[in-house]
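*Asks:* here you go, sequence then predicted model.
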Amino acid sequence: MPIITVSPSSDPTNLHKILEVNGRPFPFVFDEDLLLNIPNLKLRDDDVLLCGYMRSGTHWNFEIINMLLNGVIETIPDRKESLHLEQASQEELDKFPSPRVLSSHLLFEELPREVIDRKTKIVYLIRDPKDALVSWYTCIKKINLSYDKLWNMPLSDWLELSIGGKMEWGSWFENMSSWERALQNYPDHPILLVYYEELKQVCYKYIML
């Protein structure tokens, strides 16, 4: 697999491993063949695709959308990762009954080609980049320490690499730009924008009633 290392300009010896596929960075533990096959994945007419940059509320909204689709208030037994396009094969995805909530952190143009033809319903999550990046840093630090006890990259160095698009899934700004283009190029596509901060306020409002 094309595993490469990246390092901040301030410390070239502080190496971070990533998997590079078609010039795009992914977690080094992912499967290259699965990533290469994403454009060919077959979808269903009633699929809902949940997208957004890392740490923008995908786990939370995965639960909400599944509850709405199934008319229940109980947490569903399926893990979001099991229906994550970057981690599941066609055979694994096909095992799940409809309606499915598929998830992804990809750019719009990296999604399965059938998304456009089927006009797959998409929920795109947006979170303040400062909060999303700090949350992602905290998460990725824990993950890397579980593999490498010596991994230690200061937030400032990590931000340099992340904003530069060298860390997993590229930069927040690259992701947002891709989806802004999608909204302009496909104005009739059913894409619902959900803002993390607004959703928190709505939930807090109803909790306090």
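*Replies:* Nice, I can see it.

*Asks:* for stretch 129-142, what is the average pLDDT?
*Replies:* On average, the pLDDT along stretch 129-142 is 92.

*Asks:* who touches it?
*Replies:* 53-56, 151, 153, 155, 158-159, 162-163, 167-168, 172-173, 196 (C-beta atoms under 8 Å, 6 or more residues apart in numbering). C-betas here are computed from N, CA, C, even on glycine.

*Asks:* all helices for this structure, in order.
*Replies:* Per DSSP state H, the chain carries helices over the ranges 32-37, 58-70, 90-94, 114-118, 129-147, 155-163, 172-185, 196-208.

*Asks:* and R44, which of the ones you listed is closest to it?
*Replies:* helix 114-118 (8.1 Å; C-beta to C-beta).

*Asks:* buried ones in the closest one, by neighbour count?
*Replies:* For helix 114-118, burial by neighbour count (16 or more other C-beta atoms under 10 Å) applies to 114-115.

*Asks:* got it, and stretch 152-167?
*Replies:* 153, 157-162, 165-167.

*Asks:* could you give me the average pLDDT of it?
*Replies:* pLDDT averaged over stretch 152-167 gives 92.

*Asks:* just the terminal-to-terminal distance for it.
*Replies:* 15 Å (C-alpha to C-alpha, to the nearest Å).
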